[in-house]
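Q: Okay, here's the prediction I keep looking at, along with the sequence it came from:
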Amino acid sequence: MFFLFTEIAKVRASLFQINGVKKEPLILPEPDGQITTLTEKVYVPVKEHPDFNFVGRILGPRGMTAKQLEQETGCKIMVRGKGSMRDKKKEDQNRGKPNWEHLSDELHVLLTVDDTENRAQIKLARAVEEVKKLLVPVSNIQTCFRNQPIVLACSNKRYAVKFTSSFLILATMRP
């Protein structure tokens, strides 16, 4: 039974890899100094690739990609700017209002981290690196989204695990 849970954990971990690259854990030094807030904007190349769904790629199914990145880096990840909202009418209505100033800016990912200066810089650099990986359009859209149905099945707990000889098979179950 332990083997089963170990294999399930391995499969789940592999589902969240970006571009198939395993991420090394973030190694942080001891806190030194006062806690500060660092922010950085990473602009999305919408003009170069107008047909690519960058917001969907960054957020992932049910926001799971962004949540995973937040957990790994310790940074808050927010998609902001023109085209960041689903409802275009609401976006147009809110543009120019207080607290909606970001809608006048180009589409970007806002990364924010609260920590000591030495640790915050490392976290922010890692978050920028990971977000930039997501902003590279893949040539085949299927490559980008091939794991999303499996991720959704796992999150909905609608999957079955089967072992056949040396293969682990995840199969979605019908409702």
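A: Nice, I can see it.
Q: Report the buried residues of stretch 68-88.
A: Within stretch 68-88, the residues scored as buried using 16 or more other CB atoms under 10 Å are 68-70, 72-75, 77-85. C-beta here means a position set from N, CA and C on the backbone, and glycine is covered the same way.
Q: Please narrow those to those residing in helices.
A: Mapping those onto helices (DSSP state H) picks out 68-70, 72-73.
Q: Closest one to residue 134 out of the residues you listed, please.
A: residue 69 (8.3 Å; CB to CB).
Q: on contacts alone, who are the packing partners of the one helix or strand residue 129 maps to?
A: Taking DSSP states H and E as the definition, residue 129 sits inside helix 117-134. Packed against helix 117-134 by the contact rule (3 or more CB pairs under 8 Å, 6 or more residues apart in numbering; DSSP states H and E) you find strand 35-43, helix 54-59, helix 64-73, strand 108-116.
Q: Now that we have these, can you turn them into CSV and tack on mean pLDDT and distance to residue 102?
A: Listed next are the helices and strands packed on helix 117-134 as CSV, based on pLDDT from 0 to 100; distance: least, CB to CB, whole Å:
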stretch, mean pLDDT, distance to residue 102
strand 35-43, 97, 9
helix 54-59, 93, 14
helix 64-73, 93, 16
strand 108-116, 97, 8
